[in-house]
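Engineer: Quick one: sequence and predicted model below, then my questions.
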Amino acid sequence: MTEKIIEIKNLTYHYPEKNQNSLKKINLTIHQGEWVSLIGANGSGKSTLAKLIVGLLEDKSKQIQVFGKTMNLENGNELRAQIGMVFQNPENQFVSSTVLDDVAFGLENQGMSREKMNTRVHEALRAVEMENFINHAPSQLSGGQKQRVALAGVLAQRPKLIILDEATSMLDTTTRGKILKVVRKLHESQNTTVLAITHDINETMWSDRIILLNKGEILTQAEPRQLYSQAELLNRCGLTAPLTYQVQQALTKRDIALPQQYLDEEELIKQLWKLN
């Protein structure tokens with residue numbers, strides 16, 4: 001059995017200024033090397049859960065275990081050192097005046113040698129195609145470029161767990177795809193655990209498991225193809241299966257053979273060209 005990276009038991013949470021619970025009896029376990037997507041409409045409790053997991057919100061009931069330890073005020077810094085989190089607005093993560101210094105910031109805090117740190121920074125910026133901007137100020141970058149730099153800062157630290165909190169929601173389709181592919185490569189090459197929080201079901205295609213959250217409750221969790229086939233449940237939550245999945249299903253019904261795995265747009269087009 002692989003290591004439990006996150007374990008949550010019967011978690012209920014409400015903000016002090018609100019009367020109703022934002023999360024209700026959440027039970028969730030994520031193992032090392034899993035890619036888990038947490039999906040739901042706006043206001044379903046996704047970001048609240050992410051902030052509780054990393055200790056940005058305090059879970060006074062102590063129902064959250066991260067790397068086998070209770071996430072609390074005493075050991076929060078120790079646990080967060082092993083977590084890389086990319087937020088929806090990357091400007092909240094910038095702390096330095098240049099891209100180079102910003103990506104290196106976390107490594108400096110770890111006391112890493114200058115030579116090793118330099119290698120890590122360049123590798124991370126190369127992975128997100130931002131190496132040519134190394135001496136730019138983050139404020140000079142576009143939204144997509146800022147998000148890539150924020151991701152590079154996470155990649156450079158090589159954390160055990162990456163949390164993407166609506167990290168691609170402000171990006172165009174092309175940039176979004178590139179960032180997800182970078183995360184996918186890290187996930188596969190280093191067995192990094194990924195928790196991706198999104199309201200866009202199209203971003204869940206590489207997940208091992210999708211958790212559907214609605215009004216603070218987990219309605220179901222399933223593999224992508226299993227969830228995509230539950231049209232009625234998705235509709236109830238204001239969601240629809242990805243268009244590429246719908247196309248695949250329509251072609252299959254016409255006895256047009258395609259690979260069994262889920263295909264993204266690029267892969268689907270390649271398969272259709274082969275058929276042609």
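Structural biologist: Everything's here; your move.

Engineer: Tell me which helix or strand comes right after the helix or strand harbouring residue 194.
Structural biologist: Following DSSP states H and E, one finds residue 194 within strand 193-198. The helix or strand immediately downstream of strand 193-198 is strand 209-214, counting by DSSP H and E.

Engineer: so what does the helix or strand that that next one is followed by touch, helix or strand wise?
Structural biologist: Proceeding N to C from strand 209-214, the next assigned helix or strand is strand 217-222, under DSSP H and E. Using 3 or more CB pairs under 8 Å, 6 or more residues apart in numbering; DSSP states H and E, the elements in contact with strand 217-222 are strand 23-31, strand 209-214. Quick note: C-beta positions are derived from backbone N, CA and C, even for glycine.

Engineer: quick one: low-confidence ranges for the stretch 51-200 of the chain?
Structural biologist: 92-93 (pLDDT under 70).

Engineer: on that earlier part again, in CSV, list the C-alpha atoms belonging to the strand holding residue 194.
Structural biologist: Taking C-alpha atoms only, strand 193-198 is exported to CSV below (Å, rounded to 0.1, in the frame of the first residue of the first chain):
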residue,chain,number,x,y,z
THR,A,193,1.0,13.6,-6.1
VAL,A,194,-1.3,16.1,-7.7
LEU,A,195,-4.6,17.6,-6.3
ALA,A,196,-6.1,19.7,-9.0
ILE,A,197,-9.1,21.9,-8.0
THR,A,198,-11.2,23.2,-10.9
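
Engineer: in its sheet, what does it sit against?
Structural biologist: With DSSP bridges as the test, strand 193-198 is paired with strand 35-39 (parallel), strand 161-165 (parallel).

Engineer: So which of these is nearest residue 175?
Structural biologist: strand 161-165 (13.8 Å; CB to CB).

Engineer: Residue 153: what secondary structure?
Structural biologist: Three-state call for residue 153 (DSSP: H, G, I helix; E, B strand; the rest coil): helix.
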